[in-house]
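Trainee: coordinates only, no sequence provided:
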């Protein structure tokens with residue numbers, strides 16, 4: 001028997017909110033919370049077999065979280081690479 005969905009998963013909403021916050025105010029923490037909450041929410045929604053809504057919200061939170069985390073890691077990697085290059089140039093110039 002199919003149950004009509006009447007409730008949206010709170011974790012799906014949390015995932016979307018923190019996915020958005022990861023782009024605005026909390027880059028790393030927001031992304032990690034969005035990713036964890038999104039995966040847990042999608043699992044709960046699947047297990048509920050139609051009794052919970054919010055799969056799209058959870059998926060959007062996951063996408064925003066993963067993209068934000070990837071961008072932060074890319075920027076940190078570029079900072080390390082360019083910082084090391086700058087130090088090498090300064091060391092050669094000082095010698």
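Mentor: Right, received. Where do you want to start? On a predicted model such as this, the values are computed, not experimentally measured, just so you know. Residues are numbered from 1 along each chain as shown.
Trainee: which of the helices or strands spans the most centrally placed residue in the chain?
Mentor: The centroid of the chain falls nearest to residue 65 when counting by CA atoms, centre = their mean (1.4 Å). Per DSSP states H and E, residue 65 falls inside helix 55-94.
Trainee: that helix packs against which elements?
Mentor: Counting contacts by 3 or more CB pairs under 8 Å, 6 or more residues apart in numbering; DSSP states H and E, helix 55-94 packs against helix 10-24, helix 27-48. In short, each C-beta sits where N, CA and C put it, glycine included.
Trainee: quick check: which ranges of this structure have low pLDDT?
Mentor: 1-3, 5 (pLDDT under 70).
Trainee: try 80
Mentor: For the chain, the stretches with pLDDT under 80 are 1-6, 95.
Trainee: quick one: buried residues of the helix holding residue 65?
Mentor: 55, 57-66, 68-69 (16 or more other CB atoms under 10 Å).
Trainee: quick one: those residues as TSV, columns for distance to residue 92 too.
Mentor: Listed next are the buried residues of helix 55-94 as TSV, based on distance: CB to CB, whole Å:
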residue	distance to residue 92
55	55
57	53
58	51
59	50
60	48
61	47
62	45
63	44
64	42
65	41
66	39
68	37
69	35
